[in-house]
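A.B. asks: Just need the structure, nothing else, for what follows:
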Amino acid sequence: MTNNFEEFQKFGKDQLDATTSAAASLAKGFQTIAAETTDYSKRTIEDNSAFFEKLIGAKSLDNAIQIQSEYAKSAYEGFVAQATKMGELYSSLAKEAFRPWESAISKVQSAATAAR
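C.D. replies: I've put the predicted structure just below:
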């Protein structure tokens, strides 16, 4: 009976440690994502400003169309690159946040198998 109580206490401590570690991983991951989002927003605003300055300085309609086409292409490429990067960040966040739980669950499964 005492052995079961000690195992239960250890299980509770392991769960608390896993939860604390997962929360820390989530916080760190969300900070990284927020920083990346902020950087992307700043770059986008700067790119938009540069585009409008070029567009205002266009000498002809053909030049304006060329400037707009170049901007559309670079904006699209930048968006795709950013979306890929954000996807990788979210994937990494999920893996890191649930890694402590994998370890805790593995311990519980091992203990349950040994008890049988």
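
A.B. asks: list the helices and strands the helix or strand encompassing K73 packs on?
C.D. replies: Here K73 sits within helix 61-115, counting by DSSP states H and E. Judged by 3 or more C-beta pairs under 8 Å, 6 or more residues apart in numbering; DSSP states H and E, the packing partners of helix 61-115 are helix 2-56. Heads up, the C-betas are built off the backbone N, CA and C, glycines and all.

A.B. asks: Run the chain-centre distance for the helix it packs on.
C.D. replies: 6 Å (C-alpha atoms, centre = their mean, to the nearest Å).

A.B. asks: Report the mean confidence score over it.
C.D. replies: Mean per-residue pLDDT for helix 2-56: 88.

A.B. asks: got the angle for it vs helix 61-115?
C.D. replies: Counting by axes from the mean of the first three to the mean of the last three C-alpha atoms, to 10 degrees, helix 2-56 points 180 degrees away from the direction of helix 61-115.

A.B. asks: Can you spell out which helices and strands pack onto helix 2-56?
C.D. replies: Here helix 2-56 touches helix 61-115, going by 3+ C-beta pairs under 8 Å, 6+ apart.

A.B. asks: tell me which residues in stretch 56-74 are buried?
C.D. replies: 67, 71 (16 or more other C-beta atoms under 10 Å).

A.B. asks: What of stretch 81-97?
C.D. replies: Neighbour counts over stretch 81-97 (16+ other C-beta under 10 Å) mark 82, 89, 93, 96-97 as buried.

A.B. asks: Tabulate those (JSON lines), appending pLDDT.
C.D. replies: Shown next, in JSON lines, are the buried residues of stretch 81-97 (pLDDT from 0 to 100):
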{"residue": "Q82", "pLDDT": "97"}
{"residue": "L89", "pLDDT": "94"}
{"residue": "L93", "pLDDT": "90"}
{"residue": "E96", "pLDDT": "86"}
{"residue": "A97", "pLDDT": "82"}
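
A.B. asks: between the residues you listed, which is closest to A22?
C.D. replies: Taking C-beta to C-beta as the measure, A22 lies nearest A97 of these, at 5.0 Å.
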